[in-house]
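Participant: With the input below, show me the fold.
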Amino acid sequence: MDTRTTFPTTLYVGVEDMVRLVQRVGLSACIAGVAQRIEAAFLRWNEFDKSARLACHSADGVIELMPIADAERFTFKYVNGHPKNTRHGLPTVMAFGVLADVTTGVPRLLSELTLTTAIRTAAMSATAARHLARPGSRVMALIGNGAQSEFQAIAFRDLVGIRELRLFDTDPAATTKLVANLAGQGLSVTVCTSIHEAVRGADIVTTVTADKTNATILTPEMVAPGMHLNAVGGDCPGKTELHADVLRCGPVFVEYAPQSRIEGDVQQMPADFPVTEFWQVLAGQAPGRTSAGQVTVFDSVGFALEDYAALCFVHDTARALGIGEEIDLVPQSADPKNLFGMLQAPAEVVRIAA
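Facilitator: Down below sits the predicted model:
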């Protein structure tokens, strides 16, 4: 009988691996697959051990850890937000994540999450809009045309039915980039010279700006009856996009209220300002949109449950396609109590030149 121990390995999915995965599956299918898993996870809301993310703030940005677990899988994401990074040739957002077994703690996946976060954020936005926006919405204003914008555009095209985009960014080069990347994607695109112009006639307004400031991207006079507002950019203390009175225009929906009240646009509202957690809408425990003329607001900050869904998607899809590399992230020893003994094994001597 073979009594040898089979040691667990960890699947590593790097940036090149993730690019291969998206190219083989297709971006639209990846967004749809993550969206499906997000909705399924939100419907299991009470099965998860949840907490607001742990954040370390600085003058130039924030670094965060986002953990969550159910009875079988634990995940966390490391993510930063540094709006000035693009001046130095670095992404504003960089992320990686881990998926582990709850029963043993063995890490099963170590994955890039910068590309994946863009996919999951767009998937979450579109999932919320499917349940909160006015049926038949076809026109979306997209305020902020940076790294997230293409993913938002494609997600709303595929999952919501958006056919026309009205674009604005304070950086014309970002808008030019977005227009070029969306060529041939079946979307009518209008470049606007102001936010006022961009939101005129829009069914949905998505704000996805990066500046770490208490901004007022949208003000009450820009909001028309029936609009759905998808506020994505306000995601840490001191960073908002909506004028406080915009939040009073209609019901406000959030992912996880304890986190949203610290980081979302609702941080500027009193502690008893009413919000509805999105899972309650999915579960039929709270109403979503109640009339065609109602204004709805999704104050999105990004929640660990969405990353859980995304990491599970990456793990299962990469395994199925044979993408990624097995790495020995955990020490492998015949005697797990003798960790020191691993250092006694013969090893190559590396001489360091003086």
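Participant: what sits against the residue sitting nearest the centre point of the chain?
Facilitator: For the chain, residue 121 is the residue whose C-alpha lies nearest the centre (CA atoms, centre = their mean; 3.0 Å). By CB atoms under 8 Å, 6 or more residues apart in numbering, the residues touching residue 121 are 148, 151, 152, 232, 300, 302, 306. In this view, the C-beta of every residue, glycine as well, is placed from N, C-alpha and C.
Participant: could you redo the last one with a cut-off of 10 Å?
Facilitator: Residues counted as contacts of residue 121 (CB atoms under 10 Å, 6 or more residues apart in numbering) are 34, 93, 148, 151-152, 155, 208, 232, 235, 300, 302, 306-307, 310.
Participant: how about the helices in the stretch 151-300 of the chain?
Facilitator: Ranges of helices within the stretch 151-300 of the chain are 172-181, 195-199, 257-263, 278-282, based on DSSP state H, counting those that start in this stretch.
Participant: May I see those helices organised as JSON lines, with distance to residue 67 and mean pLDDT added?
Facilitator: Formatted as JSON lines, these follow (distance: least, CB to CB, whole Å; pLDDT from 0 to 100):
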{"stretch": "helix 172-181", "distance to residue 67": "33", "mean pLDDT": "98"}
{"stretch": "helix 195-199", "distance to residue 67": "36", "mean pLDDT": "98"}
{"stretch": "helix 257-263", "distance to residue 67": "12", "mean pLDDT": "95"}
{"stretch": "helix 278-282", "distance to residue 67": "18", "mean pLDDT": "98"}
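Participant: Determine which of these approaches residue 325 most closely.
Facilitator: Checking the helices of the stretch 151-300 of the chain against residue 325 by CB to CB gives helix 172-181 as the closest, at 29.5 Å.
Participant: If you count neighbours, what's buried in that closest one?
Facilitator: Neighbour counts over helix 172-181 (16 or more other CB atoms under 10 Å) mark 174, 175, 177, 178 as buried.
Participant: As TSV, those with distance to residue 135 would be great.
Facilitator: Converted to TSV, the buried residues of helix 172-181 look like this (distance: CB to CB, whole Å):
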residue	distance to residue 135
174	31
175	29
177	32
178	27
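Participant: related to what we said a few turns ago, if we compare the helices of the stretch 151-300 of the chain, which one ends up closest to residue 346?
Facilitator: Here helix 257-263 is closest among these (CB to CB), at 50.1 Å.
Participant: Not counting its own residues, what contacts that closest one?
Facilitator: Counting by CB under 10 Å, 6+ apart, 50-53, 55, 62, 64, 66, 234-240, 252-254, 256, 264, 266-267, 269-271, 273, 275-277, 299-304 sit against helix 257-263.
Participant: so what strands line up beside the helix or strand of the chain with the lowest mean pLDDT?
Facilitator: The helix or strand of the chain with the lowest confidence, counting by mean pLDDT, DSSP states H and E, is strand 214-218 at a mean of 86. Partners of strand 214-218 in the sheet, by DSSP bridges, are strand 240-242 (parallel).
Participant: where along the stretch 1-150 of the chain do the helices fall?
Facilitator: 15-25, 27-42, 114-132, 149-159.
Participant: what's the closest of those to residue 225?
Facilitator: That would be, of those and by CB to CB, helix 114-132, which comes in at 14.8 Å.
Participant: Just checking: the least confident one among the contacts of residue 121 is which?
Facilitator: Ranked by pLDDT, the contacts of residue 121 bottom out at residue 235 (77).
Participant: So it sits against residue 302, correct?
Facilitator: Yes. Using CB atoms under 10 Å, residue 235 makes contact with residue 302 at a distance of 5.9 Å.
Participant: returning to what we had before: from the contacts of helix 257-263, which would you call buried?
Facilitator: For these, buried by 16+ other CB under 10 Å: 52-53, 55, 62, 64, 66, 234-236, 239-240, 252-254, 256, 264, 266-267, 269, 275-277, 299-304.
Participant: Among those residues, which ones are in strands?
Facilitator: Counting by DSSP state E, these place 55, 62, 64, 66, 240, 252, 253, 254, 276, 277, 299 in strands.
Participant: List just the nearest of those residues to residue 332.
Facilitator: residue 66 (28.9 Å).
Participant: Specify the beta-bridge partners of that closest one.
Facilitator: Going by DSSP bridges, residue 66 forms beta bridges with residue 77.
Participant: Now do it against residue 304, distance only.
Facilitator: Applying CB to CB, to the nearest Å, the value for residue 66 to residue 304 is 4 Å.
Participant: Kindly report the same for residue 8.
Facilitator: From residue 8 to residue 304 the distance is 23 Å (CB to CB).
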